[in-house]
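Novice: Show me the folded form of this:
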Amino acid sequence: MSESASLIEKVEELKLDDDFVDPWNVTSSSDAGVDYDKLIERFGSSKVDAELLARFEKVAGQPVHHLIRRGIFFSHRDLNAILDMVEQGKKFYLYTGRGPSSESLHLGHLVPFIVTKWLQEVFDVPLVIQLTDDEKTLWKDLTVEQSMKLARENAKDIIAMGFDVNKTFIFSDLDFMGKCPAMYQNVIRIAKRVTFNQVRGIFGFGDMDPIGKIGFPPVQAAPSFSTTFPFIFGGKTVRCLIPCAIDQDPYFRMTRDVAPRIKLPKPALLHSKFFPALQGAKTKMSASDTNSAIFLTDTAKEIKTKINKHAFSGGQVTLEDQRRLGANTDIDVSYQLLRFFLPDDEQLENIRVAYSKGEMLSGEIKKLAIETLQPIVAEHQEQRKLVTEEVLDQFMSIRKLNF
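Specialist: Numbering: from 1, shown residues only. So this is what the prediction gives:
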């Protein structure tokens, strides 16, 4: 059975369960969020286990990033094949992206980019970042012009994270497609080999959806192939590694199914868990709900207010019960924020133990989360000020990269 045919069955099955995951929506009936072990089983990916982590560290020559070490990047496809290539002295390239639907990114949007940047620096590889402004025009109440403007604003947030302009190419679909025939040619090669029945089964498209939605998946698939970027790779076929949230996996299941039929290598993937909404892990942090997210434009005061007011607590209702029973860190959003953004493992474990035993109160862990996130957001805002239109144009210019 092909990967995409298998996915149709698995997605339909997942819709009947307590968790629902597709590229646009994530919901769970559990306060702990999505059952990721079940998601691995149903999507047919592989777990990032202790053996793979040990090999990753050996090949990288350094400890893996804490987001990988803590199981936040928990699933993969063919990551061992990428490590094989590194050991053989061969290069791969990185591809990730962002669908621009708001003027500012929130903290959850940073997660794939943080690990992508780490991978780029450790392995000295080129990176392409796709801004799917075409997708957002089709799915949201946005004009083409609005989506393109949001793409540029989002790109500035991405650049502010410190990516190397000499090794990073950022492109907007609505701009780049008309400048690069190779991308459109690959889109057509992919589109020719995916049926309407397949995309309907994988993505749930209905009779009243715009036809543009049906045609979009090959656009997200095309950057998985180095031949889409002849100005970077020339005529070479280079394999791709895609760090992304697990909800984007259906696109690349489809891509991997098509790849052998167009005689190109399947992209490898490294999947992250979802960044929880402040109200709890039943949904992911969303740009469309300002109270669910901490945005990179938020002030220190706004971050404090949002966490104190909205962050779902795993602590007990009364002080006495908290001292006696302790908190459930699996569902406590402030603790989860620390898992993502506090790099010190020992400090994090001390917090977990103290909070679980009732030695720490909900207000105290919220305070720690606030104090951890405020300087991260403030530093990002300072770096964002340095990203001029000229800097942005340099990142988005069609050019050869150094690697």
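
Novice: residues near the residue nearest to Asn186 when sequence neighbours are not counted, how many?
Specialist: Leaving aside its chain neighbours, Asn186 sits nearest to Ala222 (4.3 Å; criterion: C-beta to C-beta, 6 or more residues apart in numbering). Quick note: C-beta positions are derived from backbone N, CA and C, even for glycine. Residues near Ala222, counting by other C-beta atoms under 10 Å, number 27.

Novice: distance of the most far-flung residue of the chain relative to its centre from Arg253?
Specialist: In the chain, the residue that sits farthest from the middle, by C-alpha atoms, centre = their mean, is Glu320; the gap is 39.8 Å. Distance from Glu320 to Arg253, counting by C-beta to C-beta, to the nearest Å: 50 Å.

Novice: Does Val122 touch Pro63 like I think?
Specialist: No: taking contacts as C-beta atoms under 8 Å, Val122 lies outside contact range of Pro63: 10.4 Å.

Novice: neighbour-wise, which of those two wins?
Specialist: The neighbour count for Val122 versus Pro63, taken as other C-beta under 10 Å, is higher for Val122 (16 against 12).

Novice: That one: what's it in contact with?
Specialist: Ala60, Gly61, Gln62 (C-beta atoms under 8 Å, 6 or more residues apart in numbering).

Novice: what about 7 Å?
Specialist: Ala60, Gln62 (C-beta atoms under 7 Å, 6 or more residues apart in numbering).

Novice: Correct me if wrong, but it is in a helix.
Specialist: Yes: under DSSP: H, G, I helix; E, B strand; the rest coil, Val122 sits within a helix.

Novice: Gly99 - how many residues pack around it?
Specialist: Neighbourhood size, Gly99 [other C-beta under 10 Å]: 24.

Novice: For the nearest residue to it once chain neighbours are set aside, give its distance to Val238.
Specialist: Distance criterion C-beta to C-beta, 6+ apart; nearest residue to Gly99, sequence neighbours excluded, is Thr132 at 4.6 Å. Going from Thr132 to Val238 by C-beta to C-beta gives 22 Å.

Novice: So for these two, which sits in the more crowded spot?
Specialist: Shown here are Thr132 and Val238; by other C-beta under 10 Å, Thr132 has more neighbours (22 against 19).

Novice: so what's the more buried one up against?
Specialist: When contacts are counted by C-beta under 7 Å, 6+ apart, Thr132 touches Gly97, Gly99, Asp173, Gln220.

Novice: Let's see which of those end up in helices.
Specialist: Among the contacts of Thr132, the members falling in helices (DSSP state H) are Asp173, Gln220.

Novice: Out of the contacts of Thr132, which one has the lowest pLDDT?
Specialist: Here the lowest pLDDT out of those sits on Gly99, with 94.

Novice: before we move on, back to that, name the helix or strand for the residue farthest from the centre of the chain, please.
Specialist: Here Glu320 sits within helix 319-325, counting by DSSP states H and E.

Novice: Leu53: how many residues sit nearby?
Specialist: Count around Leu53 with other C-beta under 10 Å applied: 15.

Novice: Am I right that it falls within a helix?
Specialist: Yes: counting by three-state DSSP, Leu53 is found in a helix.

Novice: and the residue lying closest to it once chain neighbours are set aside, what pLDDT?
Specialist: Counting by C-beta to C-beta, 6+ apart, Leu53 lies nearest to Val64, which is 6.1 Å off, once chain neighbours are set aside. Listed pLDDT for Val64 reads 97.

Novice: so what are the domain limits for this protein?
Specialist: Following automatic domain parsing, one finds the domains of the chain at 3-278, 288-385.

Novice: Tell me which of those domains lies nearest to Met396.
Specialist: Among the domains of the chain, domain 3-278 comes nearest to Met396, with 5.2 Å by C-beta to C-beta.

Novice: Does Val219 touch Asp134 like I think?
Specialist: Yes: the pair Val219 / Asp134 is scored as a contact, 6.4 Å apart, by C-beta atoms under 7 Å.

Novice: where do the contact lists of the two overlap?
Specialist: Asp173.

Novice: all strands for this structure, in order.
Specialist: For the chain, the strands defined by DSSP state E cover 19-21, 26-28, 46-47, 73-77, 93-98, 127-131, 168-172, 240-245, 268-272, 276-277, 280-284.

Novice: just to revisit the earlier point, would you mark the buried spots in the helix holding Glu320?
Specialist: Gln322 (16 or more other C-beta atoms under 10 Å).

Novice: ok, residues contacting it?
Specialist: Counting contacts by C-beta under 7 Å, 6+ apart, the residues outside helix 319-325 that touch it are Gly315, Gln316, Gly358, Leu361.

Novice: What mean pLDDT does it get?
Specialist: On average, the pLDDT along helix 319-325 is 90.

Novice: now swap in stretch 255-265 and tell me
Specialist: Here the average pLDDT along stretch 255-265 is 97.

Novice: Using CSV, write down the CA coordinates of that stretch.
Specialist: Taking Å, rounded to 0.1, in the frame of the first residue of the first chain, the C-alpha atoms of stretch 255-265 are listed here in CSV:
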residue,chain,number,x,y,z
THR,A,255,5.3,13.9,-1.1
ARG,A,256,7.1,10.7,-0.1
ASP,A,257,4.6,8.6,-2.0
VAL,A,258,5.2,10.7,-5.2
ALA,A,259,9.0,11.0,-4.9
PRO,A,260,10.0,7.6,-6.4
ARG,A,261,7.7,8.2,-9.3
ILE,A,262,9.5,11.4,-10.3
LYS,A,263,12.9,9.7,-9.6
LEU,A,264,13.8,12.0,-6.7
PRO,A,265,14.7,11.1,-3.1
